[in-house]
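Q: I need the structure of the sequence given here:
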Amino acid sequence: RICVITLAEAHPLLQSGKTIKSINYQISANCSRLQNKVSGKSKRGAQFLTELAPLCRISSSDGEEYTIYCIRGRLIEVNENILSNPAILQEKPSTEGYIAVVLPKFEESKSITQGLLTQKEYEEVLLKRLNSSS
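A: Model (predicted):
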């Protein structure tokens, strides 16, 4: 029921050999994902995210900036380790290089997971995208 947010295998940062310069959880002047303080069983104090709310911004050494979004839910944890070592975002994107942990609302979790692609479906989408661009 919890979701670990990572970069997709097809994300340009993982595909193009770019170097990640920095990760910024400061979304606006008044909003930093690093200030998220969660306590207790009911996860009191967690920031609520929507699909349209930025989770973080990742800058690459070539000047490109990528804004990362995720699913609706409560922000349980951000991975502060990637701030001091951004390379693990590329070296181990699905384990130590995760971006955040989000807890969707219980009643929404089923519809959210039903809308996700399986690994096979994801690979088929990537293949179609690759074939249509060439």
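Q: What's the local residue count around the residue lying closest to Gly73 once chain neighbours are set aside?
A: Excluding the flanking residues, the one nearest Gly73 by C-beta to C-beta, 6 or more residues apart in numbering is Pro104, at 3.8 Å. In this view, the C-beta of every residue, glycine as well, is placed from N, C-alpha and C. Neighbour count of Pro104, defined by other C-beta atoms under 10 Å: 20.
Q: now do Tyr66
A: 16.
Q: what about the helices in this protein?
A: 12-15, 81-84, 88-91, 106-114, 119-133 (DSSP state H).
Q: most tightly surrounded among the ones you listed?
A: Neighbour counts (mean count of other C-beta atoms under 10 Å) averaged over each of these peak at helix 88-91, with a mean of 17.
Q: Give me the contact list for it.
A: Outside of helix 88-91, the residues within contact range by C-beta atoms under 8 Å, 6 or more residues apart in numbering are Leu7, Leu13, Leu14, Ile20, Ile23, Ile58, Asn81, Ile82, Glu96, Gly97, Ile99.
Q: Local confidence estimate at the second one?
A: We have a pLDDT of 86 for Leu13.
Q: ok, now the fourth one?
A: On the pLDDT scale, Ile20 is placed at 90.
Q: I'd like to know how far the closest residue to it other than its chain neighbours sits from Ser94.
A: Among residues not flanking Ile20 along the chain, Pro86 sits closest, at 4.1 Å (C-beta to C-beta, 6+ apart). Remark: distance between Pro86 and Ser94 (C-beta to C-beta, to the nearest Å) = 16 Å.
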